[in-house]
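>>> Below are the sequence and a predicted model for it; my questions follow.
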Amino acid sequence: MSHTEQAIGRPLSPAVRYAMVVPLTLGAAYAALLLTLASSSTDVVFAWTMSPVSATLIGAGYAGSCAMLWLCGARAKAWTHARVTVLSSSLFMLLMLAALLLDHGTLHLRGGEVFAVLAAFGWFGVHLVAPLIGAAGLGAQLVATKGGEPERPPVMPWWIALPTACSGLFLAVAGLLLFVAPAWPARHWPWTVGQLDVRVLAAFALTFGLAMLGTVRERALRRVTHGMVAMVVAGLLGLVGLLRYADQVRWGSVGAWGVVAVLMLLLGMGLAGLGLAAALPDALPPTPHAPSATPTTGAGNPA
């Protein structure tokens, strides 16, 4: 194996890029646009009926996912720079499938507006097939591509790793609890929601949380900038959505401010991560092509 292959590691498989990343990007863009532009008409145009507040928040999550996946597909060459994005997206698809199976009665599968019924069957069908395609793509990534694991960077400074890990753990635990037991939270939510709405919002929280924990494991902020962009987009558009439908939110509820706090957390952590990755390159792990401090010979010399 050449020094270049060792430094860059396993390349991103075309199967992952074109069978997973590209279709997921298009699907996320469709959901983001539809739920944002027609958030008051989900009974007519979407797979299930939800309040405009839920629609715009879920649309914000898909917008963040779309940005993340698009950047990953356009820029990532190595698996190390794509795996947090790909694995978190695969997890979200599994969570969405589980949510749809658990609350399939909420979908417009038994009747309603023609477009809504078609959307419900299409939404359900896509989430049935996507995990199978994802499994095949990940299998191709592990088996068909050549290259080893590049040397793992040093541990991130504690003042970066600690808030990232704490934020990720909080989102992951909160998302898991809401996903597993959505009935009580749905009854006390600060706007009208169904259990499926709660589970989808919880799936986003759980996915973002685990991605943050994955950031700490990767030890390199530059490997996960796609996810930081996703957090910024989702947090910002989510806050805009709450302002847009502020009259439908019970602001006297603690839960309303809890949602605001989560969106602010996503926005703040995303901006901080992007800023640190850009402004403090010396405090972050070196790029694969950076010269080694230890003298080397032959193929080990930097190009």
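All right, it came through fine. Numbers count the residues shown, from 1 in each chain.
>>> CA only for contacts and neighbour counts going forward, please
Will do.
>>> Could you give me the buried positions within stretch 36-50?
For stretch 36-50, burial by neighbour count (16 or more other C-alpha atoms under 10 Å) applies to 36, 38-50.
>>> Same list (those) but as TSV, adding distance to Val193 and pLDDT.
Converted to TSV, those look like this (distance: C-alpha to C-alpha, whole Å; pLDDT from 0 to 100):
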residue	distance to Val193	pLDDT
Thr36	17	96
Ala38	17	96
Ser39	14	97
Ser40	14	96
Ser41	15	97
Thr42	13	97
Asp43	14	96
Val44	17	96
Val45	18	96
Phe46	15	97
Ala47	15	97
Trp48	12	98
Thr49	10	97
Met50	7	97
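>>> What segments of the stretch 201-303 of the chain are helices?
Ranges of helices in the stretch 201-303 of the chain, per DSSP state H, counting those that start in this stretch, are 225-244, 254-279.
>>> Serialize the buried residues of stretch 36-50 to JSON lines and add fields for distance to Leu142.
Shown next, in JSON lines, are the buried residues of stretch 36-50 (distance: C-alpha to C-alpha, whole Å):
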{"residue": "Thr36", "distance to Leu142": "37"}
{"residue": "Ala38", "distance to Leu142": "40"}
{"residue": "Ser39", "distance to Leu142": "40"}
{"residue": "Ser40", "distance to Leu142": "43"}
{"residue": "Ser41", "distance to Leu142": "43"}
{"residue": "Thr42", "distance to Leu142": "40"}
{"residue": "Asp43", "distance to Leu142": "42"}
{"residue": "Val44", "distance to Leu142": "42"}
{"residue": "Val45", "distance to Leu142": "39"}
{"residue": "Phe46", "distance to Leu142": "36"}
{"residue": "Ala47", "distance to Leu142": "34"}
{"residue": "Trp48", "distance to Leu142": "37"}
{"residue": "Thr49", "distance to Leu142": "40"}
{"residue": "Met50", "distance to Leu142": "39"}
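>>> okay if I get the residues you listed as JSON lines plus distance to Gln248 and secondary structure?
Shown next, in JSON lines, are these (distance: C-alpha to C-alpha, whole Å; DSSP: H, G, I helix; E, B strand; the rest coil):
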{"residue": "Thr36", "distance to Gln248": "16", "secondary structure": "helix"}
{"residue": "Ala38", "distance to Gln248": "16", "secondary structure": "coil"}
{"residue": "Ser39", "distance to Gln248": "13", "secondary structure": "coil"}
{"residue": "Ser40", "distance to Gln248": "12", "secondary structure": "coil"}
{"residue": "Ser41", "distance to Gln248": "15", "secondary structure": "coil"}
{"residue": "Thr42", "distance to Gln248": "16", "secondary structure": "helix"}
{"residue": "Asp43", "distance to Gln248": "17", "secondary structure": "helix"}
{"residue": "Val44", "distance to Gln248": "20", "secondary structure": "helix"}
{"residue": "Val45", "distance to Gln248": "21", "secondary structure": "helix"}
{"residue": "Phe46", "distance to Gln248": "20", "secondary structure": "coil"}
{"residue": "Ala47", "distance to Gln248": "22", "secondary structure": "coil"}
{"residue": "Trp48", "distance to Gln248": "19", "secondary structure": "strand"}
{"residue": "Thr49", "distance to Gln248": "16", "secondary structure": "coil"}
{"residue": "Met50", "distance to Gln248": "13", "secondary structure": "coil"}
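>>> ok, of the residues you listed, which one's closest to Leu118?
Comparing the buried residues of stretch 36-50 against Leu118 with C-alpha to C-alpha places Ala47 closest, at 7.8 Å.
>>> Test my guess that that closest one contacts Val114.
No - contact criterion C-alpha atoms under 8 Å: Ala47 and Val114 do not qualify, at 10.8 Å.
>>> residues touching the residue nearest to Leu239 when sequence neighbours are not counted, list them.
Nearest-residue entry for Leu239: Leu263, 6.6 Å, with adjacent residues in sequence omitted and distances by C-alpha to C-alpha, 6 or more residues apart in numbering. Residues in contact with Leu263 (C-alpha atoms under 8 Å, 6 or more residues apart in numbering) are 234-236, 238-239.
>>> Val173: how many residues sit nearby?
16 (other C-alpha atoms under 10 Å).
>>> What of the one 3 residues further on?
Applying the criterion other C-alpha under 10 Å, we find 19 residues in the vicinity of Leu176.
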